[in-house]
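**Q** generate a structure from the sequence data that follows.
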Amino acid sequence: MSKIKLILLFISSVLVLGGCKQSPQTSSTLELKDHQIVKAKFSNSLPLSIEVVNTPKSIAQGLSGRDEVGADGMMFIFNQPTIPQFWMKEMRFDLDIIWINRQRIVEISRNVSAPVSGTPLSELPTYSPKQSIEMVLEVEAGKATEWELAIGDLVVIE
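**A** So this is what the prediction gives:
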């Protein structure tokens, strides 16, 4: 093959590969900023706007003290697989808690009730998955059912 043909082949390869659209990435390959809004999609859902929290402070705060989620949900991303304990401290509305590991829904806690005003912190129940997870998605109660989310659904962050 001549030098000119090799150069043309190389240039065309670069152009073709450079024009390819990257596929959506899974959360473990993304570097997301705290409180960033991203698009996420489940196996059978439309793209959702999700607020990401991933620092110890923002994870501890979560949705406490808010009157609404603000986006379609809040995604908690942990540095390593863990079995976290969540509670409804200062929550003003009910939630569905979606537990995610390896980009798959592994468990859903539906219709977790906000506490009655004035409930002592020592009396608030905690919620945890039965296995280690990498992410938790909190959404308004009933959304997991409305969106027909199920165990095993793929979670893709775009």
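**Q** CA only for contacts and neighbour counts going forward, please
**A** OK.
**Q** just for the protein, where's the confidence low?
**A** Per-residue confidence for the chain (pLDDT under 70) gives these ranges: 1-31.
**Q** all helices of it, in order?
**A** 3-18, 56-61, 143-146 (DSSP state H).
**Q** contacts for the shortest one?
**A** In other words, helix 143-146. In this structure, residues lying in contact with helix 143-146 by C-alpha atoms under 8 Å, 6 or more residues apart in numbering are Asp96, Ile98, Ile108, Arg110.
**Q** okay, now the second one: neighbour count?
**A** Translated: Ile98. Other residues near Ile98 come to 23 when the count uses other C-alpha atoms under 10 Å.
**Q** how about the first one?
**A** When neighbours are defined as other C-alpha under 10 Å, Asp96 has 21 of them.
**Q** for Thr55, see how far away it is.
**A** For Asp96, the distance to Thr55 equals 22 Å [C-alpha to C-alpha, to the nearest Å].
**Q** ditto for Glu146
**A** Distance check for Glu146 against Thr55: by C-alpha to C-alpha, it reads 30 Å.
**Q** can you check Lys33 too?
**A** Spatial separation of Lys33 from Thr55 under the definition C-alpha to C-alpha is 9 Å.
**Q** which of these two has more residues huddled nearby?
**A** Per other C-alpha under 10 Å, whichever of Lys33 and Thr55 has more neighbours is Thr55, with 16 against 13.
**Q** now that one. Nearest residue, chain neighbours left out?
**A** For Thr55, the nearest residue in space outside its immediate sequence neighbours is Asp34; the separation is 6.6 Å by C-alpha to C-alpha, 6 or more residues apart in numbering.
**Q** that neighbour touches Asn54, doesn't it?
**A** Yes: applying C-alpha atoms under 8 Å, one finds Asp34 in contact with Asn54, separated by 5.6 Å.
**Q** settle it for me: which of those two has more neighbours?
**A** Neighbours around Asp34 and Asn54, counted as other C-alpha under 10 Å, are more numerous at Asn54. The numbers are 20 against 15.
**Q** enumerate every residue touching that one.
**A** Shown in contact with Asn54 (C-alpha under 8 Å, 6+ apart): Lys33, Asp34, His35, Phe76, Ile77, Phe78.
**Q** check contacts around the spatially most central residue of the chain.
**A** The residue at the geometric middle of the chain, judged as the C-alpha nearest the mean C-alpha position with C-alpha atoms, centre = their mean, is Met75 (3.8 Å). Contacts of Met75 were listed using C-alpha under 8 Å, 6+ apart, and they are Ile50, Glu51, Val52, Val53, Met135, Val136, Leu137, Glu138.
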